[in-house]
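Trainee: Give me a 3D structure for the following:
(2 chains)
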Amino acid sequence: MIDILMKNLPIIVVLCPLMMSLLVVLIPNIFFSWALTTLSTFLTFLFSILLYQEIQIHSHISYALGKWMPPIGIEYIIDKVAIIPIIIISGISFLATIFAYKIMPEEIEKKSISKVYSLWLLAIAGLLGLVTTGDAFNLFVFLEISSLASVALVAMGAHKDKQALVAAYNYLIIGAVGATLYVIGVGLLYGVTGTLNMEDLTNRITDLKSNRALIAGFGFMIVGIMVKAAVFPLHIWLPRAYAYAPSAVSVLLAATATKASLYILARILFSIFENSENLINNTLLFVILPLSLLAMFAGTIMAIYEKDIKRLLAHSSVAQIGYITLAFAIGTKASIAAGFIHMFNHAIIKGGLFIAITTISFYIKRRVTINNLSGLGREMPITFFCFVLCSLSLAGLPLTAGFISKLYLIKASISSDGIWLAILILISSALSVVYLWKIIEVMWMREGKKIVKKENPTIYISLIIITFLNIYFGLDASLVVNGSFEAADKLIGDL
Amino acid sequence: MISSTIGIWNYWIVFCLMMIGLFLVIGRKNFLKKIVGLAIFQTSVFLLYITFGKIKGGTPPILNESIDTIYSNPLPHVLILTAIVVGVATTALGLSLVLRINSEYGSIEEDDVSSQDLLDYHDDIETGKNLGLKFKK
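Mentor: Got it, this is the predicted structure:
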């Protein structure tokens, strides 16, 4: 029994939430549907931990789906790179599910809650499938599973605010165009290589160095994935979708959704096309690098002028995604490792911030804008303490997780002769203090009306855990740093 | 020159459909028309894949006795079956969203909807009124 489980672990991680989502939809009771969702996300998290231990021994697991051997059958690949997003997605979704119990009934009609949990699991399954699969077309299917489920989840926010519908609609249209572009790219690659398996693609691409269809296919794939990852000019769907989604959904999406796509981006750039050095170097230098720099500043400046806190955090996400893609664009081993470190840290930082904001809106019963935050700092000390810690982590102060990622990012950019990059990163981080301080000032320094009676400890579990993680990985980051360096090592080899 | 241009007319059709679809998605302000554009855009990709699969003189990929049969590639067809399912799901979700937008806003024109949104947004931020009053308790 245990043996079968261990052998099939790569697919079980995906199947667990997928199958449970079919079960959850049948349960009308709010508590039981939540309990089952929690159970399945917990199991998924457990399986990914097992997978992590397995990876430490074998370092590369290839799983042939349905015993059809690759390259003909669909292959699931788990290696030291893929395990990072798997841990992020399963861990954060577990925390978000615990947190959702109190929040969901507040914002969504009672009768549709079990359906929401079903979609919730479906989105998680899609994201996990996205990172485990080693087949380019299978990836498209998971991309669509996750994005259709998250569009429906965003649209559930319409019970509270009708703008959620338009946000979901834009997310759907832009996301579908992105996914279709990705399919065009895969089609062109299939046309010239005759294979869909990623490892096989890598080998066959080597022989076709400057084939035009290959370059066109690469372009389509990259743009399609960049839409999903919300890289700067293609990010317009993100702020609205995060701002108007039900709060619990915002937590889940902000912390996990773009991470999976960023991982795919890294996979395409450094793994599938690893032998077309010219193409990749030009793409990194002339496309990804300028866009990341623009994202860092545009996202931060948009956030400074924003008054709605959820939107503000979404804009700041755009800037943070900019840091991650910037790390990829520098293209050395150290910088790619820094990208993965920041991917992990950003997930726990943004998860924490969104949870804190949601907790506030749970108490003040309205949208959280800069005006109605005043004075709440003294009334809800636990929430605001966690919020401030996560904010410091986002700005990159020492002893927090955010500092570690900024440190490695700056170190990597200096060691690859990019002092000016390091300076730009520092300026952008300094600007991010502006919008964070704006919030902190309002909630601590101003007088407010007494609204909140007393804080309810049950909804703080996730918030406290995630804040603790922010501090823990700031003090002892060896786990994340080692994992990321191994991943970077695996991705670009000896380059 | 001409023969090579006409010889790949399938690709020209794919190209035209793709551009028509993309234009509808970007250029139209009507939510319903955008969905139609998206469907056309996706269909053009289906055609692209099917064209890849065809081999000159190839038969349908059904195993037969003779040795020198050239088969067309069946894989793209299978992939497109999957992609069609995804496309139908996307269109269905999009149409249901348009339905909900119509019942909430009374319009499916982007300009109407976004002007209503903008009004709401500014009201909320400046006055602090009406903020999330639809919260249930």
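Trainee: so does the least confident helix or strand in chain A by mean pLDDT get close to chain B?
Mentor: Using mean pLDDT, DSSP states H and E, helix A:376-379 stands out as the lowest-scoring helix or strand of chain A, at a mean of 77. No: counting by Cβ under 8 Å from any Cβ of the partner chain, chain B is not contacted by helix A:376-379; separation bottoms out at 14.1 Å. Glycine gets a C-beta too; all of them are placed from N, C-alpha and C.
Trainee: If you count contacts, what does that helix end up packed against?
Mentor: helix A:419-445 (3 or more Cβ pairs under 8 Å, 6 or more residues apart in numbering or on different chains; DSSP states H and E).
Trainee: So which residues of the chain form strands?
Mentor: No chain in the question, so chain A it is. A:60-64, A:75-79 (DSSP state E).
Trainee: Select from those the stretch with the lowest mean pLDDT.
Mentor: Ranked by mean pLDDT, the strands of chain A bottom out at strand A:60-64, with a mean of 85.
Trainee: Describe which strands that one pairs with in its sheet and in which direction.
Mentor: Paired strands of strand A:60-64, with direction, are strand A:75-79 (antiparallel) (DSSP bridges).
Trainee: What count of nearby residues applies to residue B:67?
Mentor: 5 (other Cβ atoms under 10 Å in any protein chain shown).
Trainee: contacting residues around residue A:413?
Mentor: Residue A:413 makes contact with A:330, A:335, A:419, A:421, A:422, A:425 under the criterion Cβ atoms under 8 Å, 6 or more residues apart in numbering or on different chains.
Trainee: and if we set it to 10 Å?
Mentor: Shown in contact with residue A:413 (Cβ atoms under 10 Å, 6 or more residues apart in numbering or on different chains): A:326-327, A:329-330, A:332, A:334-335, A:338, A:419-425.
Trainee: so where is the chain shaky, pLDDT-wise?
Mentor: Picked chain A for this. Applying pLDDT under 70 to chain A flags the ranges A:209, A:448-458, A:493-495.
Trainee: my bad, the chain I had in mind was chain B
Mentor: For chain B, the stretches with pLDDT under 70 are B:1-4, B:7, B:119-137.
Trainee: 80 instead, please
Mentor: Low-confidence segments of chain B (pLDDT under 80): B:1-8, B:55-69, B:117-137.
Trainee: Do a quick rundown of the helices in chain B.
Mentor: For chain B, applying DSSP state H gives helices covering B:2-7, B:9-27, B:31-53, B:75-105, B:110-127.
Trainee: and those, which is most packed in?
Mentor: For the helices of chain B, the stretch with the most neighbours on average is helix B:31-53, a mean of 20; neighbours defined as mean count of other Cβ atoms under 10 Å in any protein chain shown.
Trainee: and that helix, does that touch chain A?
Mentor: Yes: Helix B:31-53 reaches chain A (Cβ under 10 Å from any Cβ of the partner chain) through B:31, B:34-35, B:37-39, B:41-42, B:44-46, B:48-49, B:51-53.
Trainee: In those residues, find the pair that's most separated.
Mentor: Pairwise distances across the residues of helix B:31-53 next to chain A (Cβ to Cβ) peak at 34.2 Å, for the pair B:31 and B:53.
Trainee: Residue A:185 touches residue A:226, doesn't it?
Mentor: No: using Cβ atoms under 10 Å, residue A:185 is not in contact with residue A:226; the gap is 11.5 Å.
Trainee: okay, now residue 55: neighbour count?
Mentor: This is for chain A. Applying other Cβ under 10 Å, we find 20 residues neighbouring residue A:55.
Trainee: nope, chain B please
Mentor: Residues near residue B:55, counting by other Cβ under 10 Å: 12.
Trainee: I figured it hits residue A:194, correct?
Mentor: No: with contact defined as Cβ under 10 Å, residue B:55 does not reach residue A:194; the gap is 11.9 Å.
Trainee: Overlap in contacts, those two.
Mentor: Common contacts of residue B:55 and residue A:194 (Cβ under 10 Å, 6+ apart): residue B:73.
Trainee: Residue A:211 - how many residues pack around it?
Mentor: Residues near residue A:211, counting by other Cβ under 10 Å, number 16.
Trainee: OK, contacts around it?
Mentor: By Cβ under 10 Å, 6+ apart, the contact set of residue A:211 is A:188, A:189, A:192, A:193, A:205, A:217, A:276.
Trainee: switch to 8 Å and redo it
Mentor: Applying Cβ under 8 Å, 6+ apart, we find residue A:211 in contact with residue A:192.
Trainee: Distance check, it against residue B:12.
Mentor: Counting by Cβ to Cβ, to the nearest Å, the separation of residue A:211 from residue B:12 is 21 Å.
Trainee: Over to residue A:468?
Mentor: Where residue B:12 is concerned, residue A:468 sits at a distance of 60 Å (Cβ to Cβ).
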